[in-house]
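K.L.:
got a predicted structure plus its sequence, pasted below:
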Amino acid sequence: MTVREIGRVLRKRQISCTELIQQTLSEIKTREKFNSFITITEDEALREAAERDNELARGVDRGPFHGVPIAYKDLFYTRGVRTTGGSLIFRDFVPEHDATVVHKLKAAGAISLGKTNLHELAYGITSKNPHYGFVLNPLDVSRIAGGSSGGSAALIAAGFIPMSPGTDTGGSIRVPASYCGVVGLKPTYGRVSRYGVLPLAFTLDHVGPLGSCIEDCALAMNEIAGRDCKDVSSANVPVPDFNRDPPQNLHGMRIGVPKNFFFDSVDPEIEGAVRQSIVEMGRLGASVADITIPDLEQANVAARITQLPEVAALYVHHDNPSMFGADVWALIEQGKMIAGHEYVNAQRIRTLFRREFDALWDEIDILAAPTTPLAAPRLEETTVQIRGVSENTRMASTRLVRAINFLGEPALSMPCGKTSSGLPIGLQLISAPFTEPKLLRAARVLERALG
Amino acid sequence: MADSGQNTSRDEKNRQIVAALRETFGRLTEQLRPETEPATIYHPGLQFEGAPGAPTSEGE
């Protein structure tokens, strides 16, 4: 059920918050076989549900998330509940305060069922966590759920919860959304507070929602967006209504279809579904134009030069490789090898790309592209084949999303079809900084048309 | 000794990965000169708050 559907049955007293939470936890105990959770907070959830029931009985309604079950990626500080980051080094870390996003969603009445599994330290896209188990894709358990917000996406795809806040440093919301067939929104850099979220790379980290539909993400944005004086990267811009009713069509919307980069090396089934969605947007009234975009392959290189040392800086004092998964430790080691001048020049290149994209947004409203060049890889696949070319699974999965973190633009992934083997395909829609309402409204029009 | 050998091998692999990345990045930075823009780095957190070209409203 979606957030709105859950709210409807709760307010009609068809089920109480307590019954809903009991039922959901019971289903998770019997049906959840994907290693989605690191910690389940049953007692706390039931206590909060009883409070939400009492409030509804007294006529107190906190809004769309009142009594709605959610779960936090185990990167968000939760007061009194351990926050592992999917790592051994934080396995006993119990925060004394909530992340701003947790604080806001609690105030909105959402009920947390616990902390979701993820790629260790959010530093990877497979969620094959060596310490807390591999997160499996609920649509095909022989495949990865994607990451790093893998547990969040899996829980939504399996229908246990409608929304889960995640983080995205190089695709960690959009990749699992694409692989699990759910919606994921990476908002503009600075739109959502990162206070109380274990950092990975401070100029690339974004917090945003994963949801069962576009509206779930829009409703979540209404709760979590906004200036936070506790987060210096938080932008001081007005907070709009992210869930305004969508128009009937896409008249007046300018959709850009990249001639270069995004479709250069994509599985034919993925390309077909994405291009069909773009045709649908045209049928809905949008003007669709092929455009040449700045070379995001270059931006990806500069993004990696940025990310590697930013992460290494956090863990430079850790000298015991056995406390880390081999892949994460290797990346930390690589980060220590990047020189200062290289990092600085990557930021100069970022400025160049920002200017080029600012100019691009004069021509179009939304850039439409695939989220990932392939559907969810199998668990054992460390390399994948795309159009006959072998590619590292991590590099392939992040190839079409990483540069958007470097730029800071908002971008969402939404399901737009399935492969012949039934795996979901993700469409990525990208727009200018701080235009999430427009992005979400266009996505809702398309979602409605695609059914 | 086996561990030491493994570590050396991993270090070498990491060096190779960074060297490949550095080579591509080096070509990319050839466009950057002291006398050319951008001379200033905008932190992304400030990018949207008064930096040239930054939106001042919702930009819808």
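P.N.:
Looks like it arrived, so ask away. Keep in mind that what you see is a predicted model, and the values were worked out from it rather than measured. Numbering: from 1, shown residues only, chains lettered A, B, ... in the order given.
K.L.:
got the confidence number for B:L32?
P.N.:
Per-residue pLDDT puts B:L32 at 86.
K.L.:
also A:R348?
P.N.:
pLDDT for A:R348: 89.
K.L.:
just the buried residues of the helix or strand that contains it, please?
P.N.:
A:R348 is part of helix A:340-363, with elements assigned from DSSP states H and E. In terms of neighbour count (16 or more other C-beta atoms under 10 Å in any protein chain shown), helix A:340-363 has its buried residues at A:342-343, A:345-354, A:357-358, A:360-361. (Each C-beta comes from the backbone N, C-alpha and C, glycine too.)
K.L.:
so what's A:Q276 up against?
P.N.:
A:C416, A:G417 (C-beta atoms under 8 Å, 6 or more residues apart in numbering or on different chains).
K.L.:
give me the pLDDT value at it.
P.N.:
Among the per-residue scores, A:Q276 shows a pLDDT of 98.
K.L.:
got it, and the one 5 residues further on?
P.N.:
Per-residue confidence for A:M281 comes out at a pLDDT of 98.
K.L.:
do I have it right that it meets A:I255?
P.N.:
Yes - using C-beta atoms under 8 Å, A:M281 is in contact with A:I255, at 5.3 Å.
K.L.:
compare the two (neighbour count), which wins?
P.N.:
A:M281 (25 against 22; other C-beta atoms under 10 Å in any protein chain shown).
K.L.:
let me know the secondary structure of that one.
P.N.:
Following DSSP: H, G, I helix; E, B strand; the rest coil, A:M281 is assigned to helix.
K.L.:
and if you look at A:S390?
P.N.:
Under three-state DSSP, A:S390 falls in the strand class.
K.L.:
write out the residues of the stretch 251-400 of chain A neighbouring chain B.
P.N.:
By the criterion of C-beta under 8 Å from any C-beta of the partner chain, the positions of the stretch 251-400 of chain A lying close to chain B are A:298, A:301-302, A:304-305, A:308, A:330, A:333-334, A:337-338, A:342, A:344-352, A:354-355, A:358.
K.L.:
go again with 6 Å.
P.N.:
When proximity is defined as C-beta under 6 Å from any C-beta of the partner chain, the stretch 251-400 of chain A approaches chain B at A:Q298, A:V301, A:I305, A:A330, A:E333, A:Q334, A:M337, A:N345, A:Q347, A:R348, A:T351, A:D358.
K.L.:
where's the fifth one, which helix or strand?
P.N.:
This means A:E333. helix A:326-336.
K.L.:
follow-up on the earlier one: what angle sits between the helix holding A:R348 and helix A:326-336?
P.N.:
Calculated by axes from the mean of the first three to the mean of the last three C-alpha atoms, to 10 degrees, helix A:340-363 forms an angle of 100 degrees with helix A:326-336.
K.L.:
could you check the pLDDT of A:F261?
P.N.:
Per-residue pLDDT puts A:F261 at 98.
K.L.:
same check on B:P52?
P.N.:
At B:P52, pLDDT is 39.
K.L.:
and the average pLDDT for the strand or helix carrying B:G5 is what?
P.N.:
Secondary-structure element containing B:G5, defined by DSSP H and E: helix B:2-29. Averaged over helix B:2-29, pLDDT sits at 88.
K.L.:
residue of the stretch 51-200 of chain A with the smallest distance to chain B?
P.N.:
When distances are taken as C-beta to the nearest C-beta, the stretch 51-200 of chain A reaches nearest to chain B at A:Y189, 4.8 Å away.
K.L.:
look at that residue and say how many residues are nearby.
P.N.:
The number of residues near A:Y189, taken as other C-beta under 10 Å, comes to 28.
K.L.:
now the helices: where do they sit in the stretch 101-250 of chain A?
P.N.:
Ranges of helices within the stretch 101-250 of chain A are A:150-157, A:174-180, A:214-224, based on DSSP state H, counting those that start in this stretch.
K.L.:
for A:S193, find the nearest of these.
P.N.:
helix A:214-224 (7.6 Å; C-beta to C-beta).
K.L.:
quick revisit: quick check: the residue of the stretch 51-200 of chain A closest to chain B touching A:P410?
P.N.:
No - the pair A:Y189 and A:P410 fails to qualify as a contact (C-beta atoms under 6 Å) at a distance of 8.9 Å.
K.L.:
take the helices of the stretch 101-250 of chain A and lay them out in CSV including mean neighbour count and distance to A:T18.
P.N.:
Formatted as CSV, the entries for the helices of the stretch 101-250 of chain A read as follows, by neighbours: other C-beta atoms under 10 Å in any protein chain shown; distance: least, C-beta to C-beta, whole Å:
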stretch, mean neighbour count, distance to A:T18
helix A:150-157, 34, 20
helix A:174-180, 35, 29
helix A:214-224, 26, 22
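K.L.:
could you dump those helices into TSV and include distance to A:L204 and mean pLDDT?
P.N.:
As requested, those are arranged in TSV below (distance: least, C-beta to C-beta, whole Å; pLDDT from 0 to 100):
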stretch	distance to A:L204	mean pLDDT
helix A:150-157	19	98
helix A:174-180	13	98
helix A:214-224	19	98
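K.L.:
any chance of those helices in JSON lines, plus distance to chain B?
P.N.:
Written out in JSON lines, the entries for these read as follows (distance: least, C-beta to the nearest C-beta, whole Å):
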{"stretch": "helix A:150-157", "distance to chain B": "24"}
{"stretch": "helix A:174-180", "distance to chain B": "18"}
{"stretch": "helix A:214-224", "distance to chain B": "13"}
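K.L.:
B:R10: neighbour count?
P.N.:
By the measure other C-beta under 10 Å, the count of residues near B:R10 is 15.
K.L.:
give me the number of residues near the nearest residue to it once chain neighbours are set aside?
P.N.:
Sequence neighbours aside, A:A330 is the residue nearest to B:R10 in space, at 6.7 Å (criterion: C-beta to C-beta, 6 or more residues apart in numbering or on different chains). Using other C-beta under 10 Å, the number of residues around A:A330 comes to 17.
K.L.:
how near is A:A330 to A:A368?
P.N.:
If you measure A:A330 against A:A368 using C-beta to C-beta, to the nearest Å, the figure is 35 Å.
K.L.:
and what of A:D319?
P.N.:
Relative to A:A368, A:D319 is positioned 46 Å away (criterion: C-beta to C-beta).
K.L.:
ditto for A:R174
P.N.:
Summarising the geometry, the distance separating A:R174 from A:A368, computed by C-beta to C-beta, is 14 Å.
K.L.:
also A:D98?
P.N.:
Taking C-beta to C-beta as the criterion, A:D98 is separated from A:A368 by 37 Å.
K.L.:
got it, and A:T393?
P.N.:
Note on A:T393: its distance to A:A368, by C-beta to C-beta, is 25 Å.
K.L.:
these two: which has the busier surroundings?
P.N.:
It is A:A368, of A:T393 and A:A368, that has more neighbours when counted by other C-beta under 10 Å, with 24 against 18.
K.L.:
ok, what's across the strand from that one?
P.N.:
A:L429 (DSSP bridges).
K.L.:
and it, what does it touch?
P.N.:
If a contact means C-beta atoms under 6 Å, 6 or more residues apart in numbering or on different chains, then A:A368 has A:I255, A:V257, A:I278, A:L429 as its contacts.
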